[in-house]
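Visitor: quick one: sequence plus predicted model below, questions after.
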Amino acid sequence: MPLIVAPIGKELRIVRILTDEKTKKHLENLGITISSKISIISQSGGSTICMVKDGRLALDKNIATKILVA
């Protein structure tokens, strides 16, 4: 399922990233990689706030729909 519709507070695993190589490389530098764990803290106004490793990230709606989790 896309990250944008994932439940809040549940630990999820990233299974696929559907972006171009430049964006994928940027996300990897932020810690968003295949098989990494991610959890959603909150969603509002089209932004998704997530916890990746020990840091929080805000992702816009376009990017959050392209990150698939299970």
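Guide: Okay, I see it. Numbers count the residues shown, from 1 in each chain.

Visitor: residues in contact with the helix or strand that contains residue 22?
Guide: Per DSSP states H and E, residue 22 falls inside helix 21-29. For helix 21-29, the surrounding residues in contact (CB atoms under 8 Å, 6 or more residues apart in numbering) are 17, 19, 33, 63, 67. Bear in mind the C-beta positions are built from the backbone N, C-alpha and C, glycine included.

Visitor: the same query, at a cut-off of 6 Å, please.
Guide: If you take CB atoms under 6 Å, 6 or more residues apart in numbering as the criterion, helix 21-29 is touched by residue 17.

Visitor: per-residue pLDDT, residue 39?
Guide: Residue 39 carries a pLDDT value of 96.

Visitor: now residue 46
Guide: At residue 46, the model reports a pLDDT of 84.

Visitor: over to the one 3 residues further on?
Guide: Turning to residue 49, the model gives it a pLDDT of 95.

Visitor: distance of it from residue 20?
Guide: In this view, residue 49 and residue 20 are 24 Å apart by CB to CB, to the nearest Å.

Visitor: tell me which of those two has more neighbours.
Guide: Neighbours were counted for residue 49 and for residue 20 using other CB atoms under 10 Å; residue 49 has more, 14 against 9.

Visitor: my read: the more buried one touches residue 40, true?
Guide: No - counting by CB atoms under 6 Å, residue 49 does not reach residue 40; the two are 7.2 Å apart.

Visitor: about what we covered before: what residues of the helix holding residue 22 count as buried?
Guide: Buried residues in helix 21-29, counted by 16 or more other CB atoms under 10 Å: 24, 27.

Visitor: that one: what's the following helix or strand?
Guide: That would be, after helix 21-29 and using DSSP H and E, strand 37-44.

Visitor: just how off-centre is that following strand within its chain?
Guide: How far strand 37-44 lies from its chain's middle: 8 Å, per CA atoms, centre = their mean, to the nearest Å.

Visitor: what residues does that strand touch?
Guide: Residues from elsewhere that reach strand 37-44 (CB under 6 Å, 6+ apart): 6, 8, 11-14, 49-52.

Visitor: and the furthest pair within those residues?
Guide: Pairwise distances across the contacts of strand 37-44 peak at 18.4 Å for 13 and 49 (criterion: CB to CB).
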